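> Provide a 3D model corresponding to the input given below.
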Amino acid sequence: MPNCSMITLAGHLGRDAELKAVGDTNVLKWSMAVTHKQKSEKLTTWYACEMWGTRGEALAQYLTKGTAVLVIGDLRPREYKGKQDELRLSLDVRVNNVELLGGGEKRQEAPAPAPSQSGYDDGEVF
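Down below sits the predicted model:
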């Protein structure tokens, strides 16, 4: 049986998503915050999200700062060294599905990286 760690998140984008060309395909990257209440205080966890191929291209113009989204994807924790050489943890999500929940504003112009040649198109818009 293959290993995986699926996660479902509902939160808000911390900044506009960025569409970048990587080799022959495009990747859409964004950060999102999920806030939980614990007793009388709020705890916010940040996730680095990415969606590859044509579905990410279609979403780029809608994923702007403040947009509320529901994300389903594969959780991939990643360690890295911080500015002062301390060990840190990034919670990366390879996104499979996104549902727009509201907020944010559609961009006037969609970013235009190199065209995708990924061949990945399962017929879904997102």
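
> show me where pLDDT drops low in the chain?
1, 104-126 (pLDDT under 70).

> how about the helices in this protein?
54-59 (DSSP state H).

> Check it for its longest strand and report it.
Identified as the longest strand of the chain according to DSSP state E is strand 87-102.

> Mind exporting the C-alpha coordinates of that strand to PDB?
Provided in PDB are the C-alpha atoms of strand 87-102 (Å, rounded to 0.1, in the frame of the first residue of the first chain):
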ATOM      1  CA  LEU A  87      16.400  24.100  12.100                       C
ATOM      2  CA  ARG A  88      12.800  25.100  11.000                       C
ATOM      3  CA  LEU A  89       9.800  23.200   9.700                       C
ATOM      4  CA  SER A  90       7.700  24.100   6.700                       C
ATOM      5  CA  LEU A  91       4.300  22.500   6.200                       C
ATOM      6  CA  ASP A  92       4.000  22.100   2.400                       C
ATOM      7  CA  VAL A  93       0.800  21.000   0.600                       C
ATOM      8  CA  ARG A  94       0.800  19.500  -2.900                       C
ATOM      9  CA  VAL A  95      -2.800  20.600  -3.700                       C
ATOM     10  CA  ASN A  96      -5.200  18.200  -5.500                       C
ATOM     11  CA  ASN A  97      -8.400  20.200  -5.200                       C
ATOM     12  CA  VAL A  98      -9.400  23.800  -4.300                       C
ATOM     13  CA  GLU A  99     -12.800  25.300  -3.600                       C
ATOM     14  CA  LEU A 100     -13.200  29.100  -3.500                       C
ATOM     15  CA  LEU A 101     -15.100  30.200  -0.400                       C
ATOM     16  CA  GLY A 102     -15.100  33.900  -1.000                       C
END
